[in-house]
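Participant: model the structure of this input:
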Amino acid sequence: NRLAMDRSTLCIESYSSTRSSCNVTFETAITSGYAADGGLFVPSGPLPYFTMERLGEMINYDFDELAFAILRRFLPVKEIDDDRLRAVIERAYSKFTSKDRVEVVKPGSSPVTIAELFHGPTFCFKDLGLSMLCNLISHFTPPEVEKKRTLVVSTTGDTGPAALVSVDRAANPNLNILAFFPSGGQISEFQRLQMTSLMPSPNIEVVEFCGGGDDMDKPIKMMQKDKDWMAEAGLCGVNR
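Facilitator: Take a look at the predicted model:
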C-alpha cells in the first residue's frame, strides 16, 4: 500500500521516550541509557519498511553489509555519514573468529537450523550487540575532544566481559568503563577472569560487590535519573 511504500525509503531522524514525546538525537539516545523520564528511547514516528524486493537484494549481503543497510535507516546521515558508519561496523566485528560473524548450520540430517552466536571475542551472544554499541559510543566520544565518557555496567557474567572487551579494543583514551559483578561464585570463574585479566588498564575498572546479581541494578537506575549529574560526570549506563 501507499503507506508501506512511503516507509520503504524512510530514515529515522530522531528518538523519543516511551513515556513522553520528547525528541532527541541518536547520539543523545545511545549515550543516555534511559530517558530523563525513566522511559526507553524509541524511534520517533513510523518505523522504516523494507519491501520484498529490497529484502530479496539483501539476502545476498554479508553480515557487515546487512548491518549497514539496516543501521543506515536508523542513524541519521547528519550524525554519522556512510564512510564512518562502515568504519564503526568494521571495528565492531573485525575480531570475530568467523568472517560470517554468525554461522548458520544444520547438524547432520536434522531439519533444524542453528544460528551460532559464539564467534565473538568473549564467545557470548552479547558480543553482537555490545561490540556495536560500544563502538558507536566511542564514535561519539572522539579522542581529540577533551570530554571523557565512562560506561557503567552491572553483570552476572555475559554483559560485563562483552562490554569490557569492546571498550578495550576501541582503544579510545576518552572512553572508560566501570563494571560491577557479584561475589560468592555468582558468575563463572571463566567470566571473572575475562574481566579481571584486562586490568590494569587506564580505561577499565572492575569491581566485585557483595549481594545478589540484581542488587546493583537499582542504584545504577537511580543514578541515571539524575541526568544533569550524569552529563557532568560523563556517565552512560550500558544495562538497558
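
Participant: I'd like the next helix or strand past the helix ranked longest in the chain.
Facilitator: The helix spanning the most residues in the chain, taking DSSP state H as the definition, is helix 126-139. From helix 126-139 onward toward the C-terminus, using DSSP states H and E, the following helix or strand is strand 149-154.

Participant: where do the strands sit along this protein?
Facilitator: Read by DSSP state E, the chain holds these strands, from start to end of the chain: 15-17, 41-43, 103-105, 114-116, 149-154, 175-182, 204-209, 235-237.

Participant: spatially central residue for the chain, please.
Facilitator: Most central residue of the chain, judged by C-alpha distance to the mean C-alpha position with C-alpha atoms, centre = their mean, is Leu133 at 2.4 Å.

Participant: do you know how far that residue is from Gly33?
Facilitator: Note on Leu133: its distance to Gly33, by C-beta to C-beta, to the nearest Å, is 11 Å. Where C-beta positions appear, they are placed from N, C-alpha and C, glycine not excepted.

Participant: could you do Glu90 as well?
Facilitator: Glu90 sits 26 Å away from Gly33, going by C-beta to C-beta.

Participant: okay, these two: which has more neighbours?
Facilitator: Neighbours per residue (other C-beta atoms under 10 Å) separate Glu90 from Gly33, with Gly33 holding more: 23 against 13.

Participant: so who does Leu175 touch?
Facilitator: Neighbour list for Leu175: Cys134, Ile137, Ser138, Thr141, Lys148, Arg149, Thr150, Leu151, Val167, Asn203 [criterion: C-beta atoms under 8 Å, 6 or more residues apart in numbering].

Participant: and the fifth one, what is it in contact with?
Facilitator: Right, the one you point to is Lys148. The neighbourhood of Lys148, defined by C-beta under 8 Å, 6+ apart, consists of Thr141, Asn174, Leu175, Asn176, Gly234.

Participant: can I get the strands of the chain in a markdown table with distance to Ala67 and mean pLDDT?
Facilitator: Listed next are the strands of the chain as a markdown table, based on distance: least, C-beta to C-beta, whole Å; pLDDT from 0 to 100:
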| stretch | distance to Ala67 | mean pLDDT |
| --- | --- | --- |
| strand 15-17 | 19 | 95 |
| strand 41-43 | 17 | 94 |
| strand 103-105 | 16 | 94 |
| strand 114-116 | 15 | 95 |
| strand 149-154 | 21 | 93 |
| strand 175-182 | 21 | 94 |
| strand 204-209 | 26 | 94 |
| strand 235-237 | 22 | 86 |
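
Participant: I am finished for the moment; much appreciated.
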